[in-house]
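Q: Here's a sequence, model it:
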Amino acid sequence: MSVPFDLDVGPFWLGCAGIGNLLREVSDEDARATVDAAWDAGVRGFDTAPHYGVGLSERRLGAALAGRPRDSYRVSTKVGRLLVPGPGDGVDADGFAVPDDPVRQWDPSASGVRRSLDESLVRLGLDHVDVAYLHDPDVYSLSDGLTQALPALASLRDEGVVQAVGVGSNSVSALSAAVDTGICDVIMLAGRYTLLEQPAAELVSRCASLGVDVVAVGVYNSGLLSNPLPAPGTTYDYAPAPTPLVDRARALAAVCSRHGVTLPEAALAFPRRAPAVRTVAVGAQSAAQVRENAARAAVSVPDALWADLEAAALLPA
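A: Numbers count the residues shown, from 1 in each chain. Just a heads-up that it's a prediction; the model follows:
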């Protein structure tokens, strides 16, 4: 199975966790400017989720897209986490700078999936989304996610409520199990197929043979590949990067530099070399970040760079 439309709608998809106050507060004005800058750069795909700022990302994205022709862009969101009333006396415990009301509740049931999608549409102000992913089922119960929530998404697809369904995760084993169900049109692969590391290489190859599309996210490994010369203290998977990984990133950067390419430019280009990877989604929290990523995406990376990285054993041959 595959997505029944082209996911390649612009230089990349905008990942909207950032405008949901990921790790820090972002003003409404900056969130709107981020989406506007993406639109101006030709971005026509937008990925969000209830998890991102417990609904804040969806509300902000919907407000920014309001008034634009609905057939001119694509939106994906996610199910699996319902938003329910929380204590309201603290801050979110999952890395977003928002109050802890509401909070998330895992619900893989068919009714929970439908409710999640219905509530997302209200927050987005849309009558449909194009892609719906089951979000991080491995964090809760992979078995329940794949036997309950994923078939429920398939039913919604069959009803025409969404056009494509899949699973989003940073777990290669979870995504592999999801692909094995035969239900997925697409998977969202986070941080496991990047210039730095490719533990999902076999899965990506299998997706190509099965006709399952891949959206690669986390292409900068949460920061380590986002600067031309990585420095100690930079982040990898949202924690300080181990020294061996910093050293590897610096070695990658040195080879890139010899070809007149920066490390972030190569990192953005790398996943799309795989036939199954239809597009990448890149997060941003400001218009400046969007414009920077758009400039990186426009760079033509020479084939000789990949060959030199293979020769240096920094990429598999």
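Q: Only C-alpha atoms from now on, for both contacts and neighbour counts.
A: OK.
Q: Worst mean pLDDT across the helices and strands of the chain, which element?
A: strand 239-240 (a mean of 91; mean pLDDT, DSSP states H and E).
Q: Neighbouring strands - and their directions - for that one?
A: The pairing partners recorded for strand 239-240 under DSSP bridges are strand 235-236 (antiparallel).
Q: mind checking how far the strand it pairs with is from the chain centre?
A: Averaged C-alpha coordinates place strand 235-236 at 17 Å from its chain's average position (C-alpha atoms, centre = their mean, to the nearest Å).
Q: for the record, mean pLDDT for that strand?
A: What strand 235-236 shows for mean pLDDT is 94.
Q: who's in contact with that strand?
A: N221, S222, G223, L224, A241, P242 (C-alpha atoms under 8 Å, 6 or more residues apart in numbering).
Q: Tell me where the model's unsure across the stretch 101-250 of the chain.
A: Counting by pLDDT under 70, not a single residue of the stretch 101-250 of the chain qualifies.
Q: Show me where it has its strands.
A: 103-106, 131-135, 164-169, 186-190, 213-217, 235-236, 239-240 (DSSP state E, counting those that start in this stretch).
Q: and G88, which of those is closest to it?
A: Of all those, strand 103-106 sits nearest to G88, with 9.0 Å by C-alpha to C-alpha.
Q: helices or strands up against the closest one?
A: Identification of packing neighbours for strand 103-106 by 3 or more C-alpha pairs under 8 Å, 6 or more residues apart in numbering; DSSP states H and E yields strand 81-84.
Q: strands paired with the strand it packs on, and their directions?
A: As assigned by DSSP bridges, strand 81-84 forms pairs with strand 103-106 (antiparallel).
Q: Just the buried residues of the partner strand, please?
A: Burial within strand 103-106, assessed by neighbour count using 16 or more other C-alpha atoms under 10 Å, is assigned to V103, R104, W106.
Q: dump the residue contacts of the second one.
A: In other words, R104. Contacts for R104 (C-alpha under 8 Å, 6+ apart) come out as H51, V54, R81, L82, L83, V84.
Q: what's around the third one, how many residues?
A: So that's R81. Here the number of neighbours of R81 (other C-alpha atoms under 10 Å) works out to 24.
Q: residues touching it, list them.
A: The contact partners of R81, taken as C-alpha under 8 Å, 6+ apart, are P50, H51, R104, Q105, W106, D107, S116, H135.
Q: Can you give me the pLDDT of it?
A: 98.
Q: Is it possible to mark the buried ones in the contacts of strand 235-236?
A: The neighbour count (16+ other C-alpha under 10 Å) marks N221, S222, G223, L224, A241 as buried among the contacts of strand 235-236.
Q: Output those residues as CSV; include the columns distance to L268.
A: As requested, the buried ones among the contacts of strand 235-236 are exported to CSV (distance: C-alpha to C-alpha, whole Å):
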residue, distance to L268
N221, 11
S222, 13
G223, 12
L224, 13
A241, 19
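Q: ok, and what's touching the helix or strand harbouring W39?
A: Using DSSP states H and E, W39 sits in helix 28-40. For helix 28-40, the external contacting residues (C-alpha under 8 Å, 6+ apart) are 14, 19, 44, 60-61, 63-65, 284-288, 290-291.
Q: Buried ones only from these, please, as a ChimeraX command.
A: Buried subset of the contacts of helix 28-40, written as a ChimeraX selection, criterion 16+ other C-alpha under 10 Å:
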select :14,19,44,60,61,63,64,65,284,285,286,287,290,291
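Q: so what's the most centrally placed residue in the chain bridging to?
A: The chain has V217 as the residue nearest its centroid, 4.1 Å off, counting by C-alpha atoms, centre = their mean. Per DSSP bridges, the residues bridged to V217 are A190, A281.
Q: Hmm, it is touching M188, no?
A: Yes - V217 lies in contact with M188 (C-alpha atoms under 8 Å); the separation is 6.9 Å.
Q: that older thread, let me have the contacts of strand 235-236 in a markdown table, extended by distance to L305.
A: Formatted as a markdown table, the contacts of strand 235-236 follow (distance: C-alpha to C-alpha, whole Å):
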| residue | distance to L305 |
| --- | --- |
| N221 | 20 |
| S222 | 23 |
| G223 | 22 |
| L224 | 19 |
| A241 | 25 |
| P242 | 25 |
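Q: ok, so of these, who is nearest V75?
A: S222 (22.4 Å).
Q: Spit out the contact partners of that closest one.
A: S222 makes contacts with G191, T235, Y236, D237, Y238, as judged by C-alpha under 8 Å, 6+ apart.
Q: Could you grab the helix/strand/coil label for R296?
A: Three-state call for R296 (DSSP: H, G, I helix; E, B strand; the rest coil): helix.
Q: pretty sure it is touching E265, no?
A: Yes - assessed by C-alpha under 8 Å, R296 is found in contact with E265 at 4.9 Å.
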